[in-house]
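In: With the sequence up front, the predicted model follows.
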Amino acid sequence: MKLITQKLEKRFAELGDQDIPNPIVVSKIFSPSGAATWLMTAYNPESRIGFGYVKGLGFDELGYFSLDELETLRVPPYNLPLERDLHCGEKPLLMHCPELADEIKRNEELRAIENEQELSKDEDLER
């Protein structure tokens with residue numbers, strides 16, 4: 001199974017880097033015989049590097065991962081390749097990971113404070 005299709009590449013390009021606290025998960029890749037899941041929110045087709053939230057590999061985190069590496073992985077005990085969830089649909093990260101609610105809320109509040117500070121700074125410069 002192709003982990004990234006042309007349709008997905010186009011959608012990732014439309015959304016860009018999604019530098020927001022609760023980005024849209026465009027693609028979900030998972031281990032069919034394990035707990036590992038990659039929730040992709042961004043993708044660079046030139047480097048074939050994805051970005052998103054990775055769960056089930058010891059500790060969960062946001063980070064970058066290589067699609068080339070993911071496509072070569074085989075998961076014990078049946079030596080199965082990773083799969084893309086065909087029925088996932090686009091959803092905000094929080095819908096996939098409700099445990100991130102406090103962190104996302106905190107990031108949204110920090111973003112609002114930063115925006116207020118920028119506006120205040122711009123007003124000071126105009127005076």
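Out: Sure thing, it's come through.
In: tell me the secondary structure for the most centrally placed residue in the chain?
Out: Geometric centre of the chain, nearest residue: Gly52, 2.4 Å, by Cα atoms, centre = their mean. Using DSSP: H, G, I helix; E, B strand; the rest coil, the structure places Gly52 in strand.
In: From the contact counts, what lies against the longest helix along the chain?
Out: Identified as the longest helix of the chain according to DSSP state H is helix 101-126. Packing partners of helix 101-126 (3 or more Cβ pairs under 8 Å, 6 or more residues apart in numbering; DSSP states H and E): helix 93-96. Glycine gets a C-beta too; all of them are placed from N, C-alpha and C.
In: buried sites along stretch 11-29?
Out: By 16 or more other Cβ atoms under 10 Å, the buried positions in stretch 11-29 come out as Phe12, Gln18, Pro21, Asn22, Pro23, Ile24, Val25, Val26, Ser27, Lys28, Ile29.
In: Now for this protein, the helix or strand with the poorest mean pLDDT.
Out: Ranked by mean pLDDT, DSSP states H and E, the helix or strand of the chain with the weakest confidence is helix 101-126, at a mean of 84.
In: Surely Asn107 touches Asp19?
Out: No: using Cβ atoms under 8 Å, Asn107 is not in contact with Asp19, being 10.7 Å away.
In: and stretch 59-76, average pLDDT?
Out: Mean per-residue pLDDT for stretch 59-76: 94.
In: Kindly report the same for stretch 10-20.
Out: Here the average pLDDT along stretch 10-20 is 94.
In: I'd like the distance from that stretch to the chain centre, please.
Out: Chain-centre distance of stretch 10-20: 10 Å, with Cα atoms, centre = their mean, to the nearest Å.
In: can you list contacts of it?
Out: Identification of contacts with stretch 10-20 by Cβ atoms under 8 Å, 6 or more residues apart in numbering yields Pro23, Ile24, Val26, Met40, Thr41, Ala42, Tyr43, Pro45, Phe51, Glu90, Arg111.
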